[in-house]
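Engineer: Everything below, folded, please.
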Amino acid sequence: MILIPLEDNFSDILGKAQRGLNLSGSGLAERAGVSLAEVQAVRGGAVDEAVLRKLAGALELGAEALVAMARGAWRPRDPGTVGGLACFNTPFDDMTVNAYLVYDAGTGQAAAFDTGADCDGMVEFAREKRLVVGMILLTHAHTDHVYDLDRLKAATGAKAYVSGRETLAGAGAFAEGKTFAVGGLKIETRRTSGHARGGTTFVVTGLARRLAVVGDALFAGSMGGGLVDYGEALRTNREGIFTLPDETIICPGHGPLSTVGEEKRHNAFFPEFQQQDSQQQ
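Structural biologist: Presented below is the predicted three-dimensional model:
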């Protein structure tokens, strides 16, 4: 797998939590018991661990996970190569976006997850492996994830599907709880909305490792902003992703791969799992 940088830094995490809780800078300062100048300095990138811990408490974040991100002391361990999984990382404006191909090597049947900004790499990979891409499953309908949908459909002849909670030209709708099959692989859909109305996690079983293609619901050490509903994003992540086994590989829409276990220990948005770990030690 290629080395992809983390999508968010500690300041991004603070900003997402602050916006999600609808707190102004002064409101956050008052709640945390720090000055507005200290809030602004940390949001600007200053690493003040004492202030960070107070802000973490005020924002319902995990303090140790947040401080580790600020120190640059954590990155998810590379889960290694998984047969039947290919990741494609393409530039989009000032960021990069991930798309995935999952396939049954025995039958040559494959499914694409999102399109990235440029589907050429995915199409070429499928051609080299002699794979038949039978469907395009979309984690949500934000532009960066569906940018090359028309070209990918034309190149593969595959139909595209998106959650029925949102609409997208050129994609059929699937109902909540729908399952798909690709050769001997099973793909379960789980609702992980809040960042997007139709946010969906696809859980793939049948390979050597269980996969969860999560879109922008979750990033390594962070999560997508709660653009629709922050509380809903947290809740559906807990219900749809964190109930999976710890060894499940997280395939996010941006940033590197991770695992459920890594996110339980290091994702600042979900401090309850880190508290459980400390109590068990």
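
Engineer: can you list the weak-confidence ranges in the chain?
Structural biologist: Along the chain, segments meeting pLDDT under 70 span 1-2, 277-281.

Engineer: relative to its centroid, which residue of it is most remote?
Structural biologist: Distance from the centre of the chain peaks at Ser35, with 32.9 Å (Cα atoms, centre = their mean).

Engineer: my guess is that residue contacts Ala29, does it?
Structural biologist: Yes: using Cβ atoms under 8 Å, Ser35 is in contact with Ala29, at 6.0 Å. For the C-beta atoms, the positions are set from N, CA and C on the backbone; glycine is no exception.

Engineer: From the chain's centroid, how far away is stretch 128-147?
Structural biologist: On the basis of Cα atoms, centre = their mean, to the nearest Å, stretch 128-147 sits 16 Å off its chain's mean C-alpha point.

Engineer: Show me what counts as buried in it.
Structural biologist: 131, 133-142, 144-147 (16 or more other Cβ atoms under 10 Å).

Engineer: what number of residues lie near Lys216?
Structural biologist: Just so we're on the same page, residue 216 is Asp rather than Lys. Counted with other Cβ atoms under 10 Å, residues neighbouring Asp216 total 27.

Engineer: Return the distance of it relative to Gly62.
Structural biologist: 20 Å (Cβ to Cβ, to the nearest Å).

Engineer: Please apply the same query to Met122.
Structural biologist: Where Gly62 is concerned, Met122 sits at a distance of 35 Å (Cβ to Cβ).

Engineer: In terms of neighbours, single out the busier of these two.
Structural biologist: More crowded of Met122 and Gly62, by other Cβ under 10 Å: Met122, with 29 against 23.

Engineer: The closest residue to the more buried one other than its chain neighbours in helix, strand or coil?
Structural biologist: Distance criterion Cβ to Cβ, 6 or more residues apart in numbering; nearest residue to Met122, sequence neighbours excluded, is Phe88 at 5.0 Å. Following DSSP: H, G, I helix; E, B strand; the rest coil, Phe88 is assigned to strand.

Engineer: Having no further points to raise, I will conclude here.
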